[in-house]
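Undergrad: sharing a sequence plus its predicted fold:
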Amino acid sequence: MPRIYFSIAQANALVKRIRPDVERIIQLNEELSLLDNTKIEFDEENIENFLLEVELNKSFHEKNVELYSLLGALIRQGCIVRDLEKMEIDLYSKLNDKEIIFCWCPGEDTVKYWHHISEDLEKRKPVRQVEDAYFEQLKKMK
């Protein structure tokens, strides 16, 4: 699948659209963690206990399917999910014909940061720098 490149406006529009799915993924991940860490031991073997175990396993697997379906949908839209716990999402873009990454986290209303592909997350810079560079390119085109 080829990379999808976003302008700042396109990235922010995508963020607005995917926010409910991202929030659902966070919720599902928390629920799955709770279910995965819950161990039930029964004092006696009976049908009700077996059915309860089956229902818990069924719920766990249904949540996994939903989570991975949502993740797949994000990826198909051009998102790179860096951290499932924090739901750090990267989006490809270009600046002066070089690939860059826009960074977004669910607590942010819009894309706030970017970095070069070869740089670590710690080297993030304010997205305002990219906006300024776009405006400079437009001025040169006049």
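TA: Perfect, I can see it now.

Undergrad: against Phe50, how distant is the residue in the chain sticking out farthest from the centre?
TA: Each residue of the chain has a distance to the centre, and by Cα atoms, centre = their mean the biggest one is for Glu44: 43.0 Å. The span separating Glu44 from Phe50 equals 11 Å under the rule Cβ to Cβ, to the nearest Å. Every C-beta, even on glycine, is put in place using the N, C-alpha and C of the backbone.

Undergrad: quick one: residues contacting Ile89.
TA: The neighbourhood of Ile89, defined by Cβ atoms under 8 Å, 6 or more residues apart in numbering, consists of Ile18, Val22, Leu74, Cys79, Ile80, Val81, Arg82, Cys103, Trp104, Cys105.

Undergrad: wait, Tyr5 touches Ser93, no?
TA: Yes - distance between Tyr5 and Ser93: 5.6 Å, which falls inside the contact criterion (Cβ atoms under 8 Å).

Undergrad: the more surrounded of the two?
TA: Ser93 (22 against 15; other Cβ atoms under 10 Å).

Undergrad: does that one sit in a helix, a strand or a coil?
TA: Per DSSP: H, G, I helix; E, B strand; the rest coil, the local secondary structure of Ser93 is strand.

Undergrad: one more: Gly72?
TA: helix.

Undergrad: could you report the neighbour count for it?
TA: Look at Gly72: counted by other Cβ under 10 Å, it has 10 neighbours.

Undergrad: per-residue confidence for Tyr92?
TA: Looking at Tyr92, its pLDDT stands at 97.

Undergrad: for stretch 85-103, the distance to its chain's centre please.
TA: Relative to the centre of its chain, stretch 85-103 is centred 12 Å away, using Cα atoms, centre = their mean, to the nearest Å.

Undergrad: only alpha carbons, please: show that stretch as PDB.
TA: What follows is the C-alpha trace of stretch 85-103 in PDB, where atoms were taken according to Å, rounded to 0.1, in the frame of the first residue of the first chain:
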ATOM      1  CA  GLU A  85      -1.300   2.500  25.000                       C
ATOM      2  CA  LYS A  86      -1.000   6.200  24.300                       C
ATOM      3  CA  MET A  87      -2.400   6.000  20.800                       C
ATOM      4  CA  GLU A  88       0.300   8.200  19.300                       C
ATOM      5  CA  ILE A  89      -0.500   8.600  15.700                       C
ATOM      6  CA  ASP A  90       1.800   9.700  12.900                       C
ATOM      7  CA  LEU A  91       0.800  11.000   9.500                       C
ATOM      8  CA  TYR A  92       3.200  11.300   6.500                       C
ATOM      9  CA  SER A  93       3.600  14.700   4.900                       C
ATOM     10  CA  LYS A  94       6.200  16.500   2.800                       C
ATOM     11  CA  LEU A  95       8.200  19.700   3.400                       C
ATOM     12  CA  ASN A  96      10.500  21.000   0.700                       C
ATOM     13  CA  ASP A  97      10.100  17.700  -1.100                       C
ATOM     14  CA  LYS A  98      11.300  15.800   1.900                       C
ATOM     15  CA  GLU A  99       9.200  13.300   3.900                       C
ATOM     16  CA  ILE A 100       8.200  14.400   7.300                       C
ATOM     17  CA  ILE A 101       5.900  13.100  10.000                       C
ATOM     18  CA  PHE A 102       3.000  15.000  11.600                       C
ATOM     19  CA  CYS A 103       2.400  13.800  15.200                       C
END
